[in-house]
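In: The amino acid sequence is not available; the structure is as follows:
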């Protein structure tokens, strides 16, 4: 009877060892599956973040340009000579630039993407706001939004009454990260 019990116990031990070996392989396969799922989740999250950053950049640009436009109009409202002698330094001193646009001591303003922001007066009755180094997606979304502008031009193209159509905006905003947008206001 002793011998029979030993054989049964021996078979049970071998079966447990074999079972553990099978579980080790399954655990490795499960780990690979988990890593694969995690990679898919991370890729999806990165894609969503890129879209969110583009949307946030578009909103920030629109808010900045509208704030500058309103500030310039308010500052020059009572001036008989219109928008003559307008400079970034004057606008910075008057607090026209939003706090999200840094302006150095020389009046050089910089946007979120490291490009220049310049406000000038091409003639007595109008002023121009220029943003450079604008990413393509932000450029397209911004110029299709419209606004109270006389005209908008992209990359020194023809001035167009906003809003541009998505097809026209896509053709105009043809640089991945170096588009220049000019808004003209009165």
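Out: Arrived safely, thanks for sending. The shown structure was predicted, so the numbers you read here are calculated from the model rather than taken from an experiment. Numbers count the residues shown, from 1 in each chain.
In: residue boundaries of the strands in the chain?
Out: Using DSSP state E, the strands of the chain run over 109-110, 116-123, 126-134, 151-154, 179-185.
In: Can you say which of those strands is nearest to residue 94?
Out: strand 116-123 (11.3 Å; C-beta to C-beta). The C-beta positions use only the backbone N, C-alpha and C, and glycine is treated the same way.
In: Report all helices and strands that that closest one contacts.
Out: The contact analysis (3 or more C-beta pairs under 8 Å, 6 or more residues apart in numbering; DSSP states H and E) places strand 116-123 against helix 2-75, helix 88-93, strand 109-110, strand 126-134.
In: try 7 Å this time
Out: Helices and strands touching strand 116-123, by 3 or more C-beta pairs under 7 Å, 6 or more residues apart in numbering; DSSP states H and E, are helix 88-93, strand 109-110, strand 126-134.
In: just those: most buried one?
Out: strand 126-134 (a mean of 20; mean count of other C-beta atoms under 10 Å).
In: strands paired with that one, and their directions?
Out: strand 116-123 (antiparallel), strand 179-185 (antiparallel) (DSSP bridges).
In: Go through these and name the closest to residue 140.
Out: With C-beta to C-beta as the yardstick, what comes closest out of the strands paired with strand 126-134 is strand 179-185 (8.9 Å).
In: neighbouring contacts of stretch 154-170?
Out: 139-140, 143-147, 149, 151-153, 172-175, 179-181, 184 (C-beta atoms under 7 Å, 6 or more residues apart in numbering).
In: measure it end to end?
Out: Terminal residues of stretch 154-170 lie 10 Å apart, using C-alpha to C-alpha, to the nearest Å.
In: for the record, mean pLDDT for it?
Out: In this model, stretch 154-170 has an average pLDDT of 94.
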